[in-house]
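In: Sequence and predicted structure below; questions after.
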Amino acid sequence: MAPSPTGALHLGGLRTALFNYLYAKKEADGKFLLRIEDTDQTRFVPGATEDILYSLEWAGLEYDEGPKKGGSYGPYVQSERTALYQKYANHLLESGHAYKCYCTPERLQEMRLNFQKRGVGSFYDRVCLSLSVNKKALGEDLAVETTEQERAEEEEFLKDKPYTIRLKVPEGETSITDMVLGGVNFNNAYVDDQVLLKSDGFPTYHLANVVDDHSMGITHVIRGEEWLNSTPKHVMLYQALGWDHPQFAHLPLLLNPDKTKLSKRKGHVSVKYYREAGYLPSAIVNFVALLGWSPSNDNQQIFYSISEIQEKFSISEVNKSGAVVDMAKLRHINTKHMQYILQQNPSGLSALLRQYFETYKTNPFVDPLLEAESEGKEEPQSPEAVEQKKQLLIEERRQFREVEMDDQHLLRILYATADHFTTLNELISNFEYLFFAPDLESAQAQEFLEKITALGVKKGVHISNFATLFFEQLLKELRAIAPATSVDSSIHQQRSKEFLQLINKLSSELKGDKTVVFHVLRFGLTGRQKGMELPSVLAVLPVKEIEMRLEKALTFLNKC
């Protein structure tokens, strides 16, 4: 795999990495190599390389050779290999398969505008193919037929001028047999004389890619369909350099639900988005595996590990048509993975939840599409607006007191909420009161308090006196109950049932109105009018935490 550090790793980039990994491990009995293609310095994004490496690690795709790991063919960052590209560019010049182009950016722009005015495709017009017309490329008039003296003057004129090196596309056709698309033919008349080496000495993707693939012994290249039109240029370069080209496989495009190409305007394109949204890595890998592939011998859609996918995977089963990124399908897959891990490895899921919670506090998730939708806008919110919203959330959460969370507490949360969330972000944001003490001064809590006050008046209940007595009796009973020594779904359900019986018993003994009882208790424990059932909240929170919350709640209920 050879991604460019021009931004966060794309969902399609992760699929490319996965399919390369699967093919290398299962069908080619080979190695999965990672190379960073950073030759386009104008589009380089700081931090993008780190995001690529972290995203692959997060997804569980371990490369055999590459940056930070080394191997037989390093270095694995193209900007550290420029001398090699210059060597082969000069070789192409000497063999007549490439030529120097002295055209200025201004001249090339003028050429493109002329093509546009004529309504034809923009191809380089080869004005520099013959050295005798180089002055013309620079805006100077020069007859096509030149004398020896004129050529000498021309060479002197061009001696210090910057130039690029272009591929000289031969006449005829170029054909490949693609492992996904089958036979593909290209008419060379429609292939541009591609720049191979820029005037700053850096190669373009095309030259660097071919030189590196050959130098690193790459036998199979699996990449997105958007690179298909570049393939004839690559094959020409292999032929010009006297090398056999690898086998190619071009994967179908990723599409929005409306069948347009996946874009930030209509969907979420980066792996970083899904990671920050709280999707599980195993679910994302499962999901991207099905973007253009499905096993032909069965209808299996859920794969809980890369090894399961590897067992079924075949490049021959990859579809030719585009693959729709269906968020409903992803949410279904993620739910299945949550349930499976909670059943098979609950401590593993609690570890993922703890890790995500730490990120949630310092880097909260903000969906740019949903934020824009809430404001009635079509365009996603800008990165600056998203960052501003994140900072507000961080400051807000710094004011909350965290619940002391050991592994048992996290497991109790997971078993209590298992059927009520799809992502880790939804779990924390929807049940924030299980992670933080509620803010009883918030507008939401104060609105609830006003409702309780009105209820007391209606029922003829002195809320303050009743809450004091009820909380005192409840805490006395809770302190007498032995804490659970283990946690699972059945234990949680049993304890919730016991706590419901306790609430009903105390309500009966104190002759309290059931609505009042549940309202004052819900205010004290969550500060919200709606949420999970109160017996479940009591089964999750430690008695010490319940005690602190109810004592604080009384200071507000005393005002009722």
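Out: Right, received. Where do you want to start? Numbers count the residues shown, from 1 in each chain.
In: Can you name the residues that contact residue 354?
Out: Each residue near residue 354 by CB atoms under 8 Å, 6 or more residues apart in numbering is listed here: 405, 407, 410. To be clear about C-beta, it is placed using only N, CA and C from the backbone, and glycine gets the same treatment.
In: Out of these, which is nearest to residue 169?
Out: Comparing the contacts of residue 354 against residue 169 with CB to CB places residue 410 closest, at 61.0 Å.
In: Correct me if wrong, but that closest one is in a strand.
Out: No: read with DSSP: H, G, I helix; E, B strand; the rest coil, residue 410 is helix and lies in no strand.
In: residues touching it, list them.
Out: By CB under 8 Å, 6+ apart, the contact list for residue 410 reads 350, 353-354.
In: Tell me which entries of these lie within helices.
Out: Judged by DSSP state H, the subset of the contacts of residue 410 located in helices is 350, 353-354.
In: Among the contacts of residue 410, find me the one that's closest to residue 434.
Out: Nearest to residue 434 among these, counting by CB to CB, is residue 353 at 10.9 Å.
In: Excluding sequence neighbours, find me the nearest residue to the closest one.
Out: residue 410 (5.5 Å; CB to CB, 6 or more residues apart in numbering).
In: What's the per-residue pLDDT of the one you found here?
Out: At residue 410, the pLDDT value in this model is 96.
In: Same question for residue 4.
Out: The model reports residue 4 with a pLDDT of 91.
In: How about the one 4 residues further on?
Out: Per-residue pLDDT puts residue 8 at 91.
In: count of residues packed around it?
Out: Residues near residue 8, counting by other CB atoms under 10 Å, number 19.
In: what's the answer for the one 3 residues further on, then?
Out: A count of neighbours around residue 11, defined by other CB under 10 Å, yields 21.
In: and the gap between it and residue 24?
Out: The gap separating residue 11 from residue 24 is 21 Å, by CB to CB, to the nearest Å.
In: now do residue 158
Out: Taking CB to CB, one finds residue 158 at 47 Å from residue 24.
In: who are the neighbours in contact with residue 21?
Out: 32, 61, 63, 306.
In: residues touching the closest residue to the third one other than its chain neighbours, list them.
Out: To tie it back to what came earlier, the one meant is residue 63. Excluding its sequence neighbours, the residue lying closest to residue 63 (CB to CB, 6+ apart) is residue 34, at 4.1 Å. The contact partners of residue 34, taken as CB under 8 Å, 6+ apart, are 1-3, 17, 56, 63, 65-67, 76.
In: same deal with residue 165?
Out: Counted by CB under 8 Å, 6+ apart, residue 165 has contacts 89, 92-93, 98-101, 195-197.
In: Quick check: pLDDT value at the residue nearest the centre of the chain.
Out: Nearest to the geometric centre of the chain sits residue 271, at 0.8 Å (CA atoms, centre = their mean). Looking at residue 271, its pLDDT is 95.
In: in this protein, which segments are predicted with low confidence?
Out: 131-147, 151, 264-267, 372, 378, 560 (pLDDT under 70).
In: Could you grab the helix/strand/coil label for residue 531?
Out: Assignment for residue 531 (three-state DSSP): coil.
In: Distance of it relative to residue 40?
Out: For residue 531 relative to residue 40 (CB to CB), the value is 51 Å.
In: can you list contacts of stretch 76-94?
Out: In contact with stretch 76-94 (CB under 8 Å, 6+ apart) are residues 33-39, 41, 49, 65-67, 70, 75, 98-100, 165, 167, 196-197, 201-203, 207-208, 211-212, 215, 237, 240-241.
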